[in-house]
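*Asks:* With the input below, show me the fold.
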Amino acid sequence: MQTRFPRRIVLAAFLVACQSTVFASAAFAGSTLNVGKADANASPILPVNVADKLGLFKKNGIDVKIANFTGGSKVSQAMVAGSIDIGVGAGTEMAFVAKGAPIIAVCDDAAPIPFIGIAVPWDSPVHTIAELKGKKIGISSAGSLTYWLAGELSHHEGWGPNGVTRVAIGNGAAATLAAFRTHAIDADIAVTSNIFNWEEKKEGRLLVPVSQYVGNIAAGAIYATQHLIATDPGALRAFLKAWLETIDFITTHKAETVKIESEATGYPESVMAKEYDVTKGMFSKDCKFDAESLANLKRAFVEQKLVNAPPDMSKLYTEAFLPK
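*Replies:* Got it, this is the predicted structure:
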């Protein structure tokens with residue numbers, strides 16, 4: 001038998017529901033999120049600056065404070081320490097999640113990796129990958145994406161686990177150039193925006209893109225702290241919504257994007273125009289994690305001994321906060 005309620009009760013229930021929706025929205029309206037970038041100039045990370053410049057975070061009811069770090073591991077450490085709410089880095093930081101860090105991946109923003117290459121000094125005698133055997137290669141930090149990429153190069157070429165020597169120098173352009181000049185490193189794994197800028201100044205040159213020997217690896221990934229998820233999930237949803245709106249803008253507005261990214265990196269628009277052409281097709285339109293990236297990351301974690309046992313990758317990420 002169908003129960004009929006008086007109109008005044010139905011109306012009251014409707015008003016309570018509306019009020020609850022308002023309160024839910026207010027829970028993150030005006031929230032300020034501290035966002036850490038694993039690299040100041042990496043293309044999968046620059047949409048943070050584009051969204052901020054376009055006002056898309058504010059449009060979605062949040063403010064962001066952006067901080068640049070020199071490597072994904074340092075962003076993860078800042079998130080664990082509670083100074084960062086959201087980290088924008090690479091899929092390799094999912095190893096920290098596997099180790100029990102109170103963070104989780106919430107977006108695979110770029111599965112392929114066209115934006116990173118192996119650079120050598122402009123006058124280096126090295127002209128082929130084979131000539132890198134036994135050389136010192138600069139990386140940002142242990143456990144970072146660049147750390148894994150150097151190891152994967154050695155693995156791909158059949159040189160064994162010690163085919164190259166990884167030297168942690170951070171990922172600042174000035175640090176790399178200084179290491180080139182002092183011969184502290186023979187090559188460096190760097191974002192292509194840096195390399196294109198060095199080429200214009202004849203300070204360094206691209207030897208080979210890492211995409212020549214690496215498949216999908218969730219090259220760009222976004223992380224949230226468990227604290228943020230527990231206390232302000234609406235702000236996280238708003239951030240990811242703004243992110244995807246930014247990707248839609250980037251893929252259709254080259255001139256505007258190049259200008260904003262030039263301002264963010266300090267590189268000439270001519271450099272960022274090259275970067276745009278190389279990377280514009282890599283961004284995910286839905287932030288969902290692809291099977292190839294997860295499989296490659298799982299293998300990487302085991303090979304690099306970043307975890308004690310092969311992790312259940314499904315426990316390291318969530319798509320629950322993505323726009324429906």
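*Asks:* so who does Asn296 touch?
*Replies:* 214-217 (Cβ atoms under 8 Å, 6 or more residues apart in numbering). Where C-beta positions appear, they are placed from N, C-alpha and C, glycine not excepted.
*Asks:* er, Phe321 actually
*Replies:* Contacts of Phe321 (Cβ under 8 Å, 6+ apart): 106, 224, 229, 233, 236-237, 240.
*Asks:* so which two of the residues you listed are the farthest from each other?
*Replies:* Taking Cβ to Cβ as the measure, these span a maximum distance of 12.0 Å, between Ile229 and Leu240.
*Asks:* Could you check which of these two is surrounded by more residues?
*Replies:* Neighbours were counted for Ile229 and for Leu240 using other Cβ atoms under 10 Å; Leu240 has more, 22 against 19.
*Asks:* Quick check on that one: phi, psi?
*Replies:* For Leu240, the backbone dihedrals are phi -70, psi -30 (criterion: degrees, to the nearest 10).
*Asks:* what's the answer for Ile189, then?
*Replies:* According to degrees, to the nearest 10, Ile189 has phi -90, psi 110.
*Asks:* Alpha carbons of stretch 290-306, as CSV, please.
*Replies:* In CSV, the C-alpha atoms belonging to stretch 290-306 read as follows (Å, rounded to 0.1, in the frame of the first residue of the first chain):
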residue,chain,number,x,y,z
ASP,A,290,44.9,3.1,-17.7
ALA,A,291,46.0,-0.6,-17.4
GLU,A,292,49.3,-0.2,-19.1
SER,A,293,50.5,2.5,-16.7
LEU,A,294,49.5,0.5,-13.7
ALA,A,295,51.2,-2.6,-15.0
ASN,A,296,54.5,-0.7,-15.8
LEU,A,297,54.4,1.0,-12.4
LYS,A,298,53.9,-2.2,-10.6
ARG,A,299,56.9,-3.7,-12.4
ALA,A,300,59.0,-0.6,-11.7
PHE,A,301,58.2,-0.7,-8.0
VAL,A,302,59.4,-4.3,-7.7
GLU,A,303,62.5,-3.9,-10.0
GLN,A,304,63.6,-0.8,-8.1
LYS,A,305,62.9,-2.5,-4.7
LEU,A,306,60.7,0.4,-3.7
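*Asks:* ok, back up a step: just the ones in strands from the contacts of Phe321, please.
*Replies:* Under the assignment DSSP state E, the contacts of Phe321 contribute 106, 224 to strands.
*Asks:* Filter the contacts of Phe321 down to the buried ones.
*Replies:* 106, 224, 229, 233, 236-237, 240 (16 or more other Cβ atoms under 10 Å).
*Asks:* want to throw those residues into CSV with pLDDT and distance to Lys305?
*Replies:* Shown next, in CSV, are these (pLDDT from 0 to 100; distance: Cβ to Cβ, whole Å):
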residue, pLDDT, distance to Lys305
Val106, 98, 26
Ala224, 98, 27
Ile229, 98, 29
Pro233, 97, 34
Leu236, 98, 32
Arg237, 98, 36
Leu240, 98, 32
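*Asks:* Make CSV from those and add distance to Val64 to it.
*Replies:* Listed next are the buried ones among the contacts of Phe321 as CSV, based on distance: Cβ to Cβ, whole Å:
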residue, distance to Val64
Val106, 15
Ala224, 13
Ile229, 17
Pro233, 16
Leu236, 12
Arg237, 14
Leu240, 12
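*Asks:* can you give me the strands in the stretch 51-200 of the chain?
*Replies:* In the stretch 51-200 of the chain, strands defined by DSSP state E, counting those that start in this stretch lie at 62-68, 86-89, 103-110, 116-121, 136-139, 165-168, 187-191, listed in chain order.
*Asks:* Just the residues contacting stretch 168-186, thanks.
*Replies:* Here stretch 168-186 makes contact (Cβ under 8 Å, 6+ apart) with 38-41, 70-71, 119-121, 124, 126, 132, 135-142, 146-147, 167, 188, 190-191, 194, 197-198, 203-204.
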